[in-house]
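1. Following is a predicted model, sequence given first.
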Amino acid sequence: MALNIKPIADRVVVEAAPAEEKTASGIYIPDTAKEKPQRGTVVAVGDGKKDEPLTVKVGDEVLYGKYAGTEITHDGKEYLIMRESDIYAVL
C-alpha cells in the first residue's frame, strides 16, 4: 500500500523502527521503560527548497534526533514528519 501523504518543501515522512523489546542480556523491557527509537525508514519526501534539493530518498534508512519531528498517525500506523536537517545520517 502506497503512502498518500505528500510532504511540503524540505520535509520528509519517516516510519520509525520498532523499539527494542529486550536487552542484549535477554531481559525484556516493559512498555513504560522503552526508549523512543532514533532510526527509521523514509517513506515520503517533499520537493525540496529552491536551490536546495533533498539528499534523502524513499527507502533510505536514517538516524535522527531523539525529539525530532512531529508524530502523526495515518491508517493506523505511526509516522514522523521532520525537516531533512533533523536527519543526522543515512545508513
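-> Yep, it's here.

2. so where is the chain shaky, pLDDT-wise?
-> Along the chain, the parts satisfying pLDDT under 70 run over 1-2, 31, 33-35.

3. For the residue nearest in space to the middle of it, identify the helix or strand it belongs to.
-> With the centre of the chain defined as its mean C-alpha position, the nearest residue by CA atoms, centre = their mean is V14, 2.9 Å away. Assigned by DSSP states H and E, V14 belongs to strand 11-16.

4. before we move on, back to that, so how far is I5 from the residue nearest to the centre of the chain?
-> From V14 over to I5 the distance is 11 Å, taken as CB to CB, to the nearest Å. Every C-beta, even on glycine, is put in place using the N, C-alpha and C of the backbone.

5. now I87
-> From I87 across to I5, the span is 17 Å (CB to CB).

6. In terms of neighbours, single out the busier of those two.
-> Ranked by neighbour count (other CB atoms under 10 Å), I87 and I5 place I87 first, with 22 against 13.

7. Next one: the most far-flung residue of the chain relative to its centre relative to A17, how far apart?
-> The centre of the chain is farthest from one residue, S25, which by CA atoms, centre = their mean lies 27.3 Å away. Counting by CB to CB, the separation of S25 from A17 is 21 Å.

8. Give me the phi and psi angles of the nearest residue to the residue nearest to the centre of the chain once chain neighbours are set aside.
-> Closest residue in space to V14, ignoring its immediate chain neighbours: G40 at 4.2 Å, by CB to CB, 6 or more residues apart in numbering. Backbone torsions of G40, given as degrees, to the nearest 10, read phi -170, psi -170.
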